[in-house]
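>>> Quick check, what structure comes out for this input:
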Amino acid sequence: MQPTGDPSIPFPSAPEIVDNALLLATLPSLTVPHFLAPVISYATTHTRKRLIIVLFSRHFNVHHKKGARKKTQLTLTFPEIQALPHTEMWDAVQRILTFTYVQATKIAQEMNKVLMDVDVLLKGLNEDLEEEVARGVDICFRVSGDAIAVPLPESISFLRQSYLRPGDRTDSQFATETGTPSPSESPLPSVYPVTALGGTFDHLHAGHKILLSMGAYITSRKLIVGITDDALLKNKANQHVLEKLPTRIQKVHDFLKFFKPEIVADIVPINDVYGPTGWDPDIQALVVSKETIGGAEAIAKHREACNLPALQTFLIDVISATNMSLDHDDADWLKAHKLSSTFIRQWIVDNNKQEEEEGKEEEKESQAVNQ
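So this is what the prediction gives:
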């Protein structure tokens with residue numbers, strides 16, 4: 001199929017709802033891309049099952065391995081020099097991911113598409129986009145006027161191309177925000193060989209994906225993910241629709257393979273707050289959310305008592321379906337208001353009940369007609 005659509009028109013030529021869609025966009029800076037809000041909204045509205053959003057930036061450029069020789073500033077190519085240290089970009093990248101996920105999640109929930117999958121991928125301008133990203137995709141949404149500066153896989157060229165008009169770009173191009181980095185000396189390494197994080201990861205949602213993405217983003221070799229074992233979840237609300245451990249492990253594995261396939265995803269069941277951080281001396285960094293900062297403090301005390309190296313802790317904001325960052329000192333309040341698996345399980349129960357009631361009504365009507 002030949003690509004269709006014209007960059008000069010504001011909306012797709014075929015605006016029907018599709019099962020799976022791809023959205024490609026270039027970020028001109030590392031400020032929050034507010035100009036993408038109408039684009040993300042439209043793409044989410046017209047997608048039923050899965051929306052993959054790929055964000056390109058020169059700041060996401062990768063350092064390609066060149067044998068065993070030590071890399072210095074003089075051996076870096078110009079695109080590699082444009083890449084900023086990942087730890088230095090922590091705040092900026094987290095804001096970009098959070099904004100993108102919240103924009104899509106808000107629309108999906110408003111349309112009662114709570115189980116719709118949204119995946120965000122970060123790509124540099126000096127790396128290839130995998131052919132597989134277009135597998136099973138029905139349409140590719142593009143931003144009018146955005147000539148993506150990398151060759152795209154042939155599989156994408158065969159998709160319908162629909163161009164969307166962006167919002168005002170002024171803020172994204174010229175404004176600067178606290179935490180938006182510029183090249184400078186950083187006291188932290190760009191990435192850590194081994195990073196750890198943990199969670200329940202039931203019905204993998206945007207909050208989980210931001211946590212996993214940021215953990216993978218600052219990791220060069222292995223990301224250890226502790227997943228709460230089934231035995232500790234017996235008191236969870238609507239436990240009968242909570243996903244079993246093998247399902248949760250598989251979904252986390254699949255997402256990490258999609259986001260950063262070059263690192264090892266070491267996914268292990270955990271039965272306490274520590275998991276591998278309680279004994280593994282090879283871990284250097286820990287990623288936690290604001291609501292679980294107490295767990296990070298417990299881990300720090302435990303590692304100190306066991307003469308294990310201290311971990312560099314990185315903090316993830318707690319989000320809701322409409323808010324990029326819930327700011328509150330009370331961990332219980334954050335748990336009650338965040339985007340959560342508890343909400344998703346309740347939606348599943350309510351939706352199943354509604355479908356069951358509608359089925360009974362249809363059966364009654366059918367019986368009445370036949371009498």
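>>> residue ranges with poor pLDDT in the chain?
1-15, 65-74, 76, 78-81, 170-186, 319-338, 356-371 (pLDDT under 70).
>>> Let's see that with 80 instead.
1-15, 63-83, 169-187, 318-339, 354-371 (pLDDT under 80).
>>> Tell me which stretches of it form strands.
18-26, 47-56, 117-123, 139-143, 160-164, 192-199, 219-228, 264-270, 285-289, 312-316 (DSSP state E).
>>> Can you add mean neighbour count and distance to residue 341 and give those strands back as TSV?
C-beta coordinates here come from the backbone N, C-alpha and C atoms, glycine included. Output for the strands of the chain, formatted as TSV (neighbours: other Cβ atoms under 10 Å; distance: least, Cβ to Cβ, whole Å):
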stretch	mean neighbour count	distance to residue 341
strand 18-26	21	23
strand 47-56	21	19
strand 117-123	21	15
strand 139-143	24	28
strand 160-164	23	31
strand 192-199	23	9
strand 219-228	21	11
strand 264-270	17	16
strand 285-289	24	13
strand 312-316	19	16
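>>> Kindly tell me how buried residue 295 is, as a neighbour count.
Per other Cβ atoms under 10 Å, the neighbour tally for residue 295 reads 19.
>>> Verify the stated contact: it with residue 273.
Yes. If you go by Cβ atoms under 8 Å, residue 295 and residue 273 touch, sitting 4.9 Å apart.
>>> With distance to residue 253 as extra columns, can I get the strands of the chain in TSV?
Output for the strands of the chain, formatted as TSV (distance: least, Cβ to Cβ, whole Å):
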stretch	distance to residue 253
strand 18-26	20
strand 47-56	17
strand 117-123	14
strand 139-143	26
strand 160-164	31
strand 192-199	14
strand 219-228	9
strand 264-270	6
strand 285-289	17
strand 312-316	20
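>>> Out of those strands, which gets nearest to residue 351?
strand 47-56 (15.3 Å; Cβ to Cβ).
>>> For the closest one, which strands pair with it and how are they oriented?
Note on strand 47-56: by DSSP bridges, its sheet partners are strand 18-26 (parallel), strand 117-123 (parallel).
>>> CA atoms of it as CSV?
Extracted in CSV, the C-alpha atoms of strand 47-56 (Å, rounded to 0.1, in the frame of the first residue of the first chain):
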residue,chain,number,x,y,z
THR,A,47,-6.8,4.0,18.2
ARG,A,48,-8.6,1.1,19.8
LYS,A,49,-6.0,-1.3,21.2
ARG,A,50,-2.4,-0.1,21.1
LEU,A,51,-0.7,3.2,20.3
ILE,A,52,3.1,3.3,20.0
ILE,A,53,4.6,6.8,20.3
VAL,A,54,8.2,7.2,19.1
LEU,A,55,10.0,10.4,20.1
PHE,A,56,13.2,11.4,18.3
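>>> and the angle for that strand with strand 139-143?
Inter-element angle recorded for strand 47-56 and strand 139-143: 50 degrees (by axes from the mean of the first three to the mean of the last three Cα atoms, to 10 degrees).
>>> Contacts for strand 47-56 next, please.
The list of residues contacting strand 47-56 from outside it, by Cβ atoms under 8 Å, 6 or more residues apart in numbering, reads 17-27, 33, 40, 43-44, 96, 100, 104, 113, 116-125, 129, 133, 137, 148-150.
>>> go again using 7 Å as the cut-off
Here strand 47-56 makes contact (Cβ atoms under 7 Å, 6 or more residues apart in numbering) with 17-27, 40, 43-44, 96, 100, 104, 116-123, 125, 129, 133, 148, 150.
>>> roughly how far out does it sit from the chain middle?
When distances are taken as Cα atoms, centre = their mean, to the nearest Å, strand 47-56 is centred 11 Å away from the chain's centroid.
>>> now swap in stretch 306-316 and tell me
Distance of stretch 306-316 from the chain centroid (Cα atoms, centre = their mean) equals 23 Å.
>>> distance between the ends of it?
The first and last residues of stretch 306-316 sit 26 Å apart, counting by Cα to Cα, to the nearest Å.
>>> List the contacts of it.
Defining contact as Cβ under 7 Å, 6+ apart, one finds that stretch 306-316 is touched by 90, 94, 188, 210-211, 214, 218, 277, 281, 283-290, 296, 299-300, 303.
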